[in-house]
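Enquirer: Okay, structure incoming, though there's no sequence with it:
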């Protein structure tokens, strides 16, 4: 039902309805919980923050599958979004998807599929859905489907950014440290190159400058040709030896591994200062007495990064829920879903019945995702805290 658990704990997405009425608040929570179940949200909820942290941003679009009676979210690789238009608060007003499609020839599942290669493109705004194939309008979904009217009046997609900067694109968690990590990679690459040079340096054999001298360079298990000079040359090449005179001395460049470690250590400290979460679990292992408030206070930099990312993601997830409930309610009340599907799962669909495309304007979809601790307290810690508060009040 979307309510807190019996022990008072809340889910990963603690929604606080703000419709102003207990009945409509309960309806909103119940519909959101049904959406989570329908969309398998427990499996997919981590994709947006993961894509955002790695790539900087990610799109989630709602796929209105009327024949199946569902409206489900689909995460879109941000590189497939060449054009994007946002308003001042980050609502998607228009976007385009474009990516290459390659289909191999197949006869699986009783279908004769020929090989195809083309570029798919979809353009969406508040009025129409438009589809293109290799730059030309195309009927992907039947006759006259190249341009479909948008019945919602809004664009069913959200644009999640890990960190908001100037422009519509976001900044990933990796980008601030990219320069430092490249510098570290360069230092290690040079160090390995010098080590290989030192390890691969030939061995100098004193007194073997010429095979005609009294100390010729002859190695065992090597066939001789009868020519001492050629035999010496072959021995040197086979065993990576260098002939030297009686007074010769083999000199190599000494490599100080300590200097390399010092340089990489300084770079590592800079990276960890930029990304304290990289040592999160190592720091936890060092703590002898762990409590949720203590850990969060000690690792405040990590918690701050998490809260900043949440502040960017949570409003978009709220919009996703609002649009999904509006679309499901609209299709259901309009009779667009197949009757046999609705009747088979009437308990599921009735939860979306109170909503429609005008529900947002009427305030029936008003909600927010509540702030929550990065490291939640255990039940014992909650009880101990409440006992302390009660004793202070007494």
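Expert: Good, I have the coordinates. Quick caveat: nothing in here was measured; it's all calculated off a predicted structure.
Enquirer: Show me what stretch 27-46 is in contact with.
Expert: Residues outside stretch 27-46 that contact it (C-beta atoms under 8 Å, 6 or more residues apart in numbering) are 1-3, 12-13, 15, 17, 19, 70, 72-73, 75, 321, 324-325, 328, 348, 351-352, 354-355, 364-365, 367. All C-beta spots, glycine's among them, are computed from the backbone N, C-alpha and C.
Enquirer: Buried ones only from these, please, as a ChimeraX command.
Expert: Burial among the contacts of stretch 27-46 is assessed by 16 or more other C-beta atoms under 10 Å; the matching ChimeraX selection reads:
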select :2,13,15,17,19,70,72,73,321,324,325,328,348,351,352,354,355,364,365,367
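Enquirer: From the contact counts, what lies against the lengthiest helix in the chain?
Expert: In the chain, taking DSSP state H as the definition, the longest helix is helix 300-333. Other helices and strands packing on helix 300-333, by 3 or more C-beta pairs under 8 Å, 6 or more residues apart in numbering; DSSP states H and E, are helix 22-38, helix 47-55, strand 57-65, strand 70-76, strand 157-161, strand 367-369.
Enquirer: partners of the third one, with directions?
Expert: By that I understand strand 57-65. Neighbouring strands of strand 57-65 in its sheet, by DSSP bridges, are strand 70-76 (antiparallel), strand 157-161 (antiparallel).
Enquirer: Measure how that strand sits relative to helix 300-333, angle-wise.
Expert: Calculated by axes from the mean of the first three to the mean of the last three C-alpha atoms, to 10 degrees, strand 57-65 forms an angle of 20 degrees with helix 300-333.
Enquirer: now swap in the second one and tell me
Expert: Going by the same axes, to 10 degrees, helix 47-55 is angled at 130 degrees with respect to helix 300-333.
Enquirer: please renumber so the chain begins at 19
Expert: From this message on, residue numbering opens at 19, which makes the last subject helix 65-73.
Enquirer: May I see the buried residues of helix 65-73?
Expert: Neighbour-count burial for helix 65-73 [16+ other C-beta under 10 Å]: 66, 67, 69, 70, 71, 73.
Enquirer: which residues are in contact with that helix?
Expert: Under C-beta under 8 Å, 6+ apart, the answer for helix 65-73 is 75-76, 78, 93, 95-97, 178-180, 188, 190-192, 327, 330-331, 334-335.
Enquirer: the strands in the stretch 69-218 of the chain, which residues?
Expert: For the stretch 69-218 of the chain, applying DSSP state E, counting those that start in this stretch gives strands covering 75-83, 88-94, 101-104, 110-121, 134-143, 146-151, 154-155, 165-167, 175-179.
Enquirer: from the chain's centre, how far out does the first one sit?
Expert: If I follow you right, that is strand 75-83. Chain-centre distance of strand 75-83: 16 Å, with C-alpha atoms, centre = their mean, to the nearest Å.
Enquirer: Residues contacting that strand, please?
Expert: 65-66, 69-70, 89-96, 99, 110, 113, 142, 174-180, 187-188, 334, 338, 341-342, 345, 349.
Enquirer: just the helices in the stretch 269-412 of the chain please.
Expert: Per DSSP state H, counting those that start in this stretch, the stretch 269-412 of the chain carries helices over the ranges 275-292, 298-304, 310-316, 318-351, 357-362, 364-367, 397-411.
Enquirer: Compare these and give me the one nearest residue 41.
Expert: Among the helices of the stretch 269-412 of the chain, helix 318-351 comes nearest to residue 41, with 15.7 Å by C-beta to C-beta.
Enquirer: Measure how that closest one sits relative to helix 275-292, angle-wise.
Expert: Following the same axes, to 10 degrees, one obtains 50 degrees for the angle between helix 318-351 and helix 275-292.
Enquirer: export the strands of the stretch 69-218 of the chain to CSV and tack on distance to residue 305 and mean pLDDT?
Expert: Formatted as CSV, these follow (distance: least, C-beta to C-beta, whole Å; pLDDT from 0 to 100):
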stretch, distance to residue 305, mean pLDDT
strand 75-83, 34, 95
strand 88-94, 36, 95
strand 101-104, 42, 95
strand 110-121, 43, 95
strand 134-143, 49, 95
strand 146-151, 53, 96
strand 154-155, 62, 95
strand 165-167, 57, 94
strand 175-179, 33, 95
